[in-house]
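Q: build me a model:
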Amino acid sequence: MHILIYSYNYHPEPIGIAPLMTELAEGLAERGHKVRVITGMPNYPQREIYEGYQGKWYLTEQKNGVTIQRSFLRIKSKPNLIDRLLLELSFVFSSLPQALKGNRPDVIILTVPPLLVTLPAILLGWLYNCPVVLNVQDILPEAAVRVGLLKNKLMIGALAILEKFAYRAANTISVITEGFSENLVGKGVPAKKIVCIPNWVNVNFIHPLPKKINPWISTHQLDDKFIVLYSGNIALTQGLETVIDAASRLRHIKEIAFVIVGESTALTRLQRYCERYGADNVLLLPLQPREQLPQMLAAADIGLIVQKCNIISFNMPSKIPLLLATGSPIIGSVPSTGTAAKAIRESGGGLVVEPESPDALAAAVLELYQNPELAAQLGKKGREFALERYSLEQALDQYEGLFSQIISKRSPISQKKLRSKEAVESVVDI
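A: Residues are numbered from 1 along each chain as shown. All right, here's what the predicted structure looks like:
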C-alpha cells in the first residue's frame, strides 16, 4: 500500500506523538509498504526550530525506508492564542504543496490535535479519492477548555464546528481508548465508524535492564538510590508541583531520589519549587537522547504518571505503555475514575493515588520502597501486560488490517479508476 501519514510531529522530536508516528511509519515501511510522512520542521517541546532545519521552507528526507516531507512553520517560543492559531495555519498552507508531491496514496492517516490539520488532509482525500483515517490522540476543544488552555468563546465555538466536520468527513476514526469511543458516540459519531487501537510501545527497544549494568545510573550519580522517575511533557495538565512536594516529605530517607526529566524551560520553573519546598532530593534533567531512553526508563524503581484533578476523564497518557514495558511499578497520581487509572489497574502494574495530594503520593512511594516484593510483583505484571496488549507489532497488525479493509471497501468506480490509472502508469514505464 501507498500510505500517507499527516502528522504535525515526527522524528527527531523526542516526546509526545512524534515517537509513536515514527515507529508506525517505519514499522509499516519495514513490512514493505510505501510510506510518506507530511510534517513540519521539528520544534517540540522547545517551540524552537531545531538546528539544521532553521530558515528552510521545504525539506525532504529519507529515513529507515520512509519519505519525510517537511514544511515551514511560523513558531514563537512563548505563543499566545493568536500565535498558536498562526502556527497551525502556517502548517496547513505550507504542507499542502508538499503533500501534492509524490505518488497518489491508497490511504491517508492524520493525527489530531491539532484540529486544523484535518483540512488539508481531508482535501487530499477528496482530490485523490482515497479514504482518510483520523487518529484521535486527544479530544479538542474539550480537553483544552477543561485545563484552562482555551477560554475564548469564539475560538471554542469554531473548534467545535471543525471537530464535527473532521468526524463527519473522515472515513474511519481510530481512537486510543474506549473512553474516547464513548465520548464520540455521545457526540453523534456512528459507532461503526470508530475503531480502538491503543498507543503502543516497542517492547524490544524498551525493556527491563538490571540496575547493576545500567550506565545511565552511574552517569547521573544515582548508584544505590531508589529512583522515582517522571519523564516527559511538563504542562498544565500534569501538576509536577505535587511530585516536588511529595519528595520534600521523604527527603529524610537519603536512599530515595526523585528524578524529573523534561524540557529545560519548564525545569527552571520547577527548580524554584524545589527551593521553596527544600526538596534537595530532586534531580532535574533535560530531555534525554532517544538512544538513552531504554536505560533511563529501566533505571526507575518507580515510574510516575501525574495528572491534575481537573484533567478530562478519558485522557490517556502515552507514557503508560512505556513505563509498563520497563518492568518497573507505576504510581498514578491521577483521577480515580479516569482512563489512566483504569489502565493502570487493569494492567496490575501499579498503584493509583489521589491526584494533587503530596501526602498520598509520598505514602505510595514509601510503601513500595519498604516492600520490594510488592514492587517486583507489580513490575512483572506490568511488563507482561505490555507484551500482551501494547506491543508495536500488535499495533502494526491492527493498522495494516484496518487500511486493507477500508481500501477494499471502496466503490467499484473508484477501484476501476485506480486500475485504469495503474495500467496507464505501467505502459508509460514500459
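
Q: let me see the domain layout of the chain.
A: 2-200+391-429, 211-389 (automatic domain parsing).

Q: what's around the residue nearest to residue 265 when sequence neighbours are not counted, how many residues?
A: Using CB to CB, 6 or more residues apart in numbering and skipping the chain neighbours, the partner closest in space to residue 265 is residue 46 (7.3 Å). Bear in mind the C-beta positions are built from the backbone N, C-alpha and C, glycine included. Neighbours of residue 46 under the rule other CB atoms under 10 Å: 16.

Q: and the domains of the chain, which is most packed in?
A: Comparing the domains of the chain by mean neighbour count (mean count of other CB atoms under 10 Å), domain 211-389 comes out on top with a mean of 19.

Q: pLDDT on that domain, on average?
A: Mean per-residue pLDDT for domain 211-389: 93.

Q: what does stretch 402-413 give?
A: Per-residue pLDDT over stretch 402-413 has a mean of 80.

Q: where do the helices of the stretch 51-200 of the chain begin and end?
A: Ranges of helices in the stretch 51-200 of the chain, per DSSP state H, counting those that start in this stretch, are 81-99, 118-128, 142-146, 153-169, 178-186.

Q: ranked by average pLDDT, which of those helices falls at the bottom?
A: Lowest mean pLDDT of the helices of the stretch 51-200 of the chain: helix 142-146, a mean of 69.

Q: just how off-centre is stretch 158-175 within its chain?
A: Its chain's C-alpha centre and that of stretch 158-175 lie 19 Å apart, by CA atoms, centre = their mean, to the nearest Å.

Q: right, and residue 359 touches residue 249 too?
A: Yes: when contacts are counted by CB atoms under 8 Å, residue 359 is listed as touching residue 249 (7.2 Å).

Q: just put the helices of the stretch 51-200 of the chain in TSV and tack on distance to residue 60.
A: Below are these laid out as TSV (distance: least, CB to CB, whole Å):
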stretch	distance to residue 60
helix 81-99	8
helix 118-128	17
helix 142-146	32
helix 153-169	27
helix 178-186	33
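
Q: identify whichever of those lies nearest to residue 290.
A: With CB to CB, the closest approach to residue 290 among the helices of the stretch 51-200 of the chain belongs to helix 81-99: 23.3 Å.

Q: what's that closest one in contact with?
A: Here helix 81-99 makes contact (CB atoms under 8 Å, 6 or more residues apart in numbering) with 4, 6, 8, 38-40, 57-58, 60, 69-76, 79, 114-117, 119-121, 123-124, 150, 152, 155.

Q: apply 6 Å and report the result again.
A: The contact list for helix 81-99 (CB atoms under 6 Å, 6 or more residues apart in numbering) reads 38, 40, 69, 71-76, 114, 116, 119-120, 124.

Q: got the angle between it and helix 118-128?
A: 20 degrees (axes from the mean of the first three to the mean of the last three CA atoms, to 10 degrees).

Q: give me the angle between helix 81-99 and helix 153-169.
A: Angle of helix 81-99 versus helix 153-169, following the same axes, to 10 degrees, is 30 degrees.

Q: need the nearest residue in space to residue 360, chain neighbours excluded.
A: Closest residue in space to residue 360, ignoring its immediate chain neighbours: residue 353 at 4.1 Å, by CB to CB, 6+ apart.

Q: the one you found contacts residue 364, correct?
A: Yes: at 4.9 Å, residue 353 and residue 364 qualify as touching, with contact defined as CB atoms under 6 Å.

Q: could you check how far residue 113 is from residue 292?
A: Counting by CB to CB, to the nearest Å, the gap from residue 113 to residue 292 is 28 Å.

Q: swap in residue 92?
A: Between residue 92 and residue 292 the computed distance is 35 Å (CB to CB).

Q: just residue 350 next, same as before
A: When residue 350 is compared with residue 292 (using CB to CB), they lie 23 Å apart.

Q: could you do residue 184 as well?
A: For residue 184 relative to residue 292 (CB to CB), the value is 37 Å.

Q: kindly report the same for residue 261.
A: Counting by CB to CB, the gap from residue 261 to residue 292 is 10 Å.

Q: so where do the strands sit in the stretch 201-350 of the chain?
A: For the stretch 201-350 of the chain, the strands defined by DSSP state E, counting those that start in this stretch cover 226-231, 256-262, 282-286, 302-306, 330-333, 350-353.

Q: still on that earlier bit, from the contacts of helix 81-99, which two are the most distant?
A: The span of these, defined through CB to CB, is set by 76 and 124 at 27.8 Å.

Q: what bridges to residue 256?
A: Counting by DSSP bridges, residue 256 forms beta bridges with residue 226.

Q: my read is that it contacts residue 248, right?
A: No: look at residue 256 against residue 248 with CB under 6 Å: they stay out of range, at 11.4 Å.

Q: can you tell me how far the closest residue in space to residue 260 that isn't next to it in sequence is from residue 238?
A: Spatial nearest neighbour of residue 260, excluding adjacent residues (CB to CB, 6+ apart): residue 230 at 4.9 Å. To residue 238, residue 230 is 8 Å away according to CB to CB.
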